[in-house]
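> got a sequence here, can you model it:
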Amino acid sequence: MTYKDLYEGDFNWYGQILKRKYTHAFSKTEAFFNFCSQIAKEVERTPRSVRNYFWSGKVGSHVISKVKRKQKPLN
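Modelled structure (predicted):
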């Protein structure tokens, strides 16, 4: 059984720094789509318009990274 990884994202929406967001996904691309849906609800836009904004090529408008899992100690 495969598990989804936890991703965190930082986003700059037209100069407004949004609160750090988290989502579970199988890939960075899936996480990006999940984040766009979250942001769309927050800024009252469609997910498509949010994706287009971040895909427009603005450097530094978003950063997505996988959260490393903490290892359980061996007893």
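> helices of the protein, start to end?
Along the chain, the segments classed as helices by DSSP state H run 28-43, 47-55.
> would you mind getting the angle between the strand ranked longest in the chain and helix 28-43?
Secondary structure of the chain per DSSP state E: the longest strand is strand 5-13. Computed with axes from the mean of the first three to the mean of the last three C-alpha atoms, to 10 degrees, the direction of strand 5-13 lies at 50 degrees from that of helix 28-43.
> give me the sheet partners of strand 5-13 and which way each runs.
Counting by DSSP bridges, the strands paired with strand 5-13 are strand 16-17 (antiparallel), strand 21-25 (antiparallel), strand 62-66 (antiparallel).
> so which of these comes closest to residue 5?
strand 62-66 (5.3 Å; C-beta to C-beta). Just so you know, the C-beta spots here come from the backbone N, C-alpha and C atoms, and that holds for glycine as well.
> residue 30 - how many residues pack around it?
As a burial measure, residue 30 scores 15 neighbours (other C-beta atoms under 10 Å).
> the one 5 residues further on now?
The local packing count at residue 35 equals 26, with neighbours defined by other C-beta under 10 Å.
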